[in-house]
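Novice: A structural model of the following input is requested.
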Amino acid sequence: MSMFERLKRGLSKTRDNMSAQINNVLKNYRKIDEELFEDLEEILITADIGVETTMQIIDNVKDKVKERKIEDANKIKDLIKEELVELLDSSESGHKLTIEPSPAIVLVVGVNGVGKTTTIGKLANKYKNKGKRVLIAAGDTFRAAAIEQLEEWSNRAGVDIISHSEGADPAAVIFDSIQAAKARKTDILLCDTAGRLHNKKNLMNELNKIFRVVEREYPKATKEVLLVVDATTGQNAVLQAKTFKEACDITAIALTKLDGTAKGGVVFSVNSELNVPVKLVGVGERIDDLQEFDPKTFVDAIFSE
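Specialist: Next up, the predicted model:
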């Protein structure tokens, strides 16, 4: 199965919730009027695109209808697709994780349960298969079994891992991992970090400590701060993302579990409201089901028949 087919299959629930509904609405309208736009608005909000982002999309579609003198309601679907691609493609930094020049460090943040560990494991496997020297840092020392889960993934991917005992200082783990990465001439260091949101102050302090260690010990490394969010949580994913953006300078977003939700529209909401590019999407359990994000391919997969 091609990557597009896998993405298409993974987005089937979102497609039913968005594309199929848009088709049904457009069938019922011969002319373009305010009522049509209200129906379309409702569909986009239900697909978890978010109210603000939806209003922006619909306003832009209305402008294009006037500019291009469009009268056929069936052409609205192409305008919505166009608008969604433009919305996602507005990032100046592109949609690929920046790992060149090496060495590179990717700090992975996010609340517990969103798929951080799995994302790190899949990234380790992906880069190892590309011939990169990869090292994993088990910096989430507070969650029971987090270290064991990462060790399991490191074994599956065939890469080394640096870990301390449960409850150890996460910044100390990152410090030791950076020293090991330097000594082993590692290309990419993938760092897990603690994901406790119930006490935001503690989380911010912890992350700031880790970032200080990185700046001091690995100042010339190419750096990405990757926020992992669970697409099945819909608008709650946007709230989580905003909280983490307050705590640290997020440079990229990975959206996981898109295959398990009809709320794939949250991609547009997260991208728009945070002004941070989505760079990875997870559409399945397999080790190669984490895909690099491409706006046009993603929108095509939602709207393909």
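Novice: just for the stretch 1-150 of the chain, where's the confidence low?
Specialist: For the stretch 1-150 of the chain, applying pLDDT under 70 flags the ranges 1, 90-93.
Novice: mind listing the strands for it?
Specialist: For the stretch 1-150 of the chain, strands defined by DSSP state E, counting those that start in this stretch occupy the ranges 104-109, 134-137.
Novice: Name the strands paired with the shortest one and say parallel or antiparallel.
Specialist: What that stands for is strand 134-137. Next to strand 134-137 in the sheet, as set by DSSP bridges, lie strand 160-162 (parallel), strand 188-192 (parallel).
Novice: Could you point out which of those strands sits nearest residue 9?
Specialist: Among the strands paired with strand 134-137, the nearest to residue 9 by C-beta to C-beta is strand 188-192 (27.2 Å). In this view, the C-beta of every residue, glycine as well, is placed from N, C-alpha and C.
Novice: Between strand 104-109 and that closest one, find me the angle.
Specialist: Counting by axes from the mean of the first three to the mean of the last three C-alpha atoms, to 10 degrees, strand 188-192 lies at 10 degrees to strand 104-109.
Novice: Quick check: what element follows strand 188-192 along the chain?
Specialist: Next along the chain after strand 188-192, taking DSSP states H and E as the criterion, comes helix 200-217.
Novice: Can you add mean neighbour count and distance to residue 187 and give the strands of the stretch 1-150 of the chain back as JSON lines?
Specialist: Output for the strands of the stretch 1-150 of the chain, formatted as JSON lines (neighbours: other C-beta atoms under 10 Å; distance: least, C-beta to C-beta, whole Å):
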{"stretch": "strand 104-109", "mean neighbour count": "24", "distance to residue 187": "7"}
{"stretch": "strand 134-137", "mean neighbour count": "26", "distance to residue 187": "7"}
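Novice: so which of the ones you listed comes closest to residue 20?
Specialist: For the strands of the stretch 1-150 of the chain, the distance to residue 20 is smallest for strand 104-109, at 34.5 Å, taking C-beta to C-beta.
Novice: which outside residues touch that closest one?
Specialist: 97-99, 116, 119-120, 123, 178, 181, 187-193, 195, 207, 210-211, 214, 218, 221-228, 244, 247-248, 250 (C-beta atoms under 8 Å, 6 or more residues apart in numbering).
Novice: burial of residue 131, as a residue count?
Specialist: Neighbourhood size, residue 131 [other C-beta atoms under 10 Å]: 7.
Novice: and it, what does it touch?
Specialist: No contacts exist for residue 131 under C-beta under 8 Å, 6+ apart.
Novice: on that earlier part again, can you list the strands of the stretch 1-150 of the chain in JSON lines and add distance to residue 256?
Specialist: Output for the strands of the stretch 1-150 of the chain, formatted as JSON lines (distance: least, C-beta to C-beta, whole Å):
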{"stretch": "strand 104-109", "distance to residue 256": "11"}
{"stretch": "strand 134-137", "distance to residue 256": "18"}
